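> what's the 3D shape of this:
(chains A, B, C and D)
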2 protein chains.
Amino acid sequence: MTRATIKDVSRVAGVSIKTVSRVLNKERYVSDDMRQKVEEAVARLNYHPSLAARTLAGRRSFQIGLIHDNPSPYYIFNMQAGVGQRCREANFRMIIQPCDINSPGLVDDIGALIDQAQLDGIIMTPPVTDVGTALAELFRRKIPVVRVQPGTDLTATSAVYIDNVQAADDMTAYLISLGHRRIGLVTGHANYFASGQRLTGYRQALQRAGIGFDAALVQPGQFDFQSGAAAAEALLALAEPPTAIFASSDEMAAGVLAAAHRLGVSVPEQLSVAGFDDTDLAQVVWPSLTTIRQPIRDLGYAAADLLLEFGETIERRQLPHELIVRGSTAGPKT
Amino acid sequence: MTRATIKDVSRVAGVSIKTVSRVLNKERYVSDDMRQKVEEAVARLNYHPSLAARTLAGRRSFQIGLIHDNPSPYYIFNMQAGVGQRCREANFRMIIQPCDINSPGLVDDIGALIDQAQLDGIIMTPPVTDVGTALAELFRRKIPVVRVQPGTDLTATSAVYIDNVQAADDMTAYLISLGHRRIGLVTGHANYFASGQRLTGYRQALQRAGIGFDAALVQPGQFDFQSGAAAAEALLALAEPPTAIFASSDEMAAGVLAAAHRLGVSVPEQLSVAGFDDTDLAQVVWPSLTTIRQPIRDLGYAAADLLLEFGETIERRQLPHELIVRGSTAGPKT
DNA sequence: TCGCGCTATGACAACGTTATCTTATCGGCC
DNA sequence: GGCCGATAAGATAACGTTGTCATAGCGCGA
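Purely as a prediction, here's the structure:
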């Protein structure tokens, strides 16, 4: 027994091949009578159209690509879940392409992917979103692109994002409202524009509260555990250490927690710690993290939605973030 | 400018279409002269063959599927990384199919996937590996299958796995060697055969050391944080609580740590905690976890390797695990 | 009554590869 | 010298869909 083809369906239904194709593609000009006959035949034969043949004959491949260079399992997992969900709803397939933004072959790899699979669209996550040469290649091929949280050429492609400045402002303002005046910030990797945006939000909230900006309280990080721990050690070694540390990612916040544990600084009694992202990690460390919920899964879903609904038409969608208060923050010791 | 086709290549190279195809597929009976001409033309035109056309015309699709129903971001991320790596080396593509083992549509979904994409092979991870109806569907279609850590029908398909019994034995023996006599075990989800195997290893090590088995020390878990925390609370509430707790996953071990923190039990001074998997999580909690390193990425790589190298021929490959000692374990307080 | 536009259906080419079959050339061996 | 097998190359038919064009019926206004 071999796979059923459209020809088999047409024979069983007693109609032409083209009519079957019309029903499958929900085209106009098909009578209810025909539609029903075809649908019955499809069900009876358990027929599934060949994607390869559809791609070859038509101008669509029913596939979109997700290009990323992001080492965070949580981020990628949730992004994939969101994109995958929307793809499934539309009966599309998602091709995952990890890459290395520093590789000289990056542009060729992307081109090869699009050529070989004839993708209908591309979704990119930071930091690939801001690699000019890669973007140029996509424009050259006139393929629809949606970027997640892009940092450059904001209006060049469709995009989904959250308001990072406001989010960091919210968190900083919350810490201030608890009574903190000396608040440390661990910034993110320089490749990510969100890092700078979060710094901006932090400064913005300080200024509004009339708290002077102290550059010594800002430590560079790379979004990972190690750099978070290192930054915390540097901050806690200051002559006048902060009473709260705001890390630009949950992973770094976990690093801050570990450093505090190691140094015997109790959280949140002696030090408040805040993260960013609200990945699963935030609830798995102890104490659980006060953080900004970034709806990564929803961002993925929205990105795929823009691609499927609007295609080349440029659209933008901002998603809401949310301040999540858990056990890692409290007022400063008096 | 439109995509280059094999026809363009043949024109530029001054050879027939079939000869180009031969070179691309590394077939025999091509002179060096021809090969070189073709390769030059391919490079000059930046030609990439259409996967759709290759799939339609040939009997291979250059695509394999990865089917999973696993909620752990770390596990999936690493598995994908391993499979993806091997696929890239072979210029194959990986199609990810999350699923729900309790869904009545599971078998149909898998069938549809295979039909539509004409997959060359399937990789499954637990617990999908042991769903009889799904396996039967795959056999019916005679598609090569590799299962990761299967629990049933061990010889029915190719498989990659670690020795879970030995691994749990190793960890238990290590805890015993530290001086622990009362060792709690948090088991994994009942859907996973590895859960039972780890219990077996635990009992095996106890018996060898002449320590009686106490059923009260074994608490059921589901591989997640919450169940780990709950199990720890139950264990620590015993009249004679354990001095060490071995959780069958790092997530559950994190839950044990959180429960201990909450109850004011210091780790590892008053309680040793051990995990299983050595996902990134193990190094992100505090104190960092003593655990068994399960080479998830390598398992993925090996699974794809078996698929690509052996196809339908059944092969098995066992990968080594490793005991990783970190800060969460120590001798019991005297 | 004619012709026009809309609906509904089908015949057939086209998509870009691989598979199959055929042909041509070259040595070596009886 | 003729025949055979091995090598090298090409012509042409698939593969299973969608796109394009043709055709037929029907209602409606001129």
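
> Spell out which parts of chain A neighbour DNA strand C.
Contacts of chain A with DNA strand C, taken as Cβ under 7 Å from any atom of the strand, map to A:15-19, A:22, A:28-31, A:33-34, A:53, A:56-57. In short, each C-beta sits where N, CA and C put it, glycine included.

> Now restrict those residues to buried residues only.
When these are checked for burial by 16 or more other Cβ atoms under 10 Å in any protein chain shown, the buried set is A:15, A:19, A:22, A:30, A:34, A:53, A:56.

> Out of those residues, give me the two with the largest separation.
Spanning the widest gap among those are A:34 and A:56, at 25.5 Å by Cβ to Cβ.

> shaky segments in the stretch 1-150 of chain A?
Scanning the stretch 1-150 of chain A for pLDDT under 70 picks out the ranges A:1.

> Please enumerate the strands of it.
In the stretch 1-150 of chain A, the strands defined using DSSP state E, counting those that start in this stretch lie at A:63-68, A:93-98, A:121-124, A:145-148.

> now these in TSV, with mean neighbour count and distance to residue B:206?
What follows is those, written out as TSV (neighbours: other Cβ atoms under 10 Å in any protein chain shown; distance: least, Cβ to Cβ, whole Å):
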stretch	mean neighbour count	distance to residue B:206
strand A:63-68	24	45
strand A:93-98	21	43
strand A:121-124	26	51
strand A:145-148	27	50
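
> got JSON lines for the ones you listed, with distance to DNA strand D too?
Putting the strands of the stretch 1-150 of chain A into JSON lines (distance: least, Cβ to the nearest atom of the strand, whole Å) gives the following:
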{"stretch": "strand A:63-68", "distance to DNA strand D": "14"}
{"stretch": "strand A:93-98", "distance to DNA strand D": "15"}
{"stretch": "strand A:121-124", "distance to DNA strand D": "16"}
{"stretch": "strand A:145-148", "distance to DNA strand D": "22"}
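
> Relative to residue A:180, which of those strands is closest?
Each of these was scored for nearness to residue A:180 using Cβ to Cβ, and the closest is strand A:145-148 (31.6 Å).

> Output the contacting helices and strands for that closest one.
strand A:121-124, strand A:158-161, helix A:296-310 (3 or more Cβ pairs under 8 Å, 6 or more residues apart in numbering or on different chains; DSSP states H and E).

> angle of the longest one against strand A:63-68?
Put plainly, it is helix A:296-310. Following axes from the mean of the first three to the mean of the last three Cα atoms, to 10 degrees, one obtains 140 degrees for the angle between helix A:296-310 and strand A:63-68.

> got the contact list for helix A:296-310?
With contact meaning Cβ atoms under 8 Å, 6 or more residues apart in numbering or on different chains, helix A:296-310 is reached by A:64, A:74-75, A:78-87, A:90, A:92, A:94, A:120-123, A:144, A:146-149, A:158, A:160-162, A:277, A:279, A:315, A:317, A:319.

> go on, the second one?
Strand A:158-161 is contacted by residues A:144-150, A:299, A:302-303, A:306-307, A:310, A:313-319 when judged by Cβ under 8 Å, 6+ apart.

> Apply the buried test to these and list what passes.
A:144-150, A:299, A:302-303, A:306-307, A:315.

> And the residues you listed, which is closest to residue B:240?
Residue B:240 has its nearest neighbour among the buried ones among the contacts of strand A:158-161 in residue A:299, at 49.9 Å by Cβ to Cβ.

> about what we covered before: sort out which one of the residues of chain A next to DNA strand C lies nearest residue B:182 for me.
residue A:53 (64.2 Å).

> Just give the closest residue to the closest one, not the sequence neighbours.
residue B:56 (5.3 Å; Cβ to Cβ, 6 or more residues apart in numbering or on different chains).

> which residues sit in contact with that neighbour?
The contact partners of residue B:56, by Cβ under 8 Å, 6+ apart, come to A:50, A:52-53, A:56.

> Check the residues you listed one by one and keep those near DNA strand D.
Okay, of the contacts of residue B:56 touching DNA strand D (Cβ under 7 Å from any atom of the strand), that's A:50, A:53, A:56.
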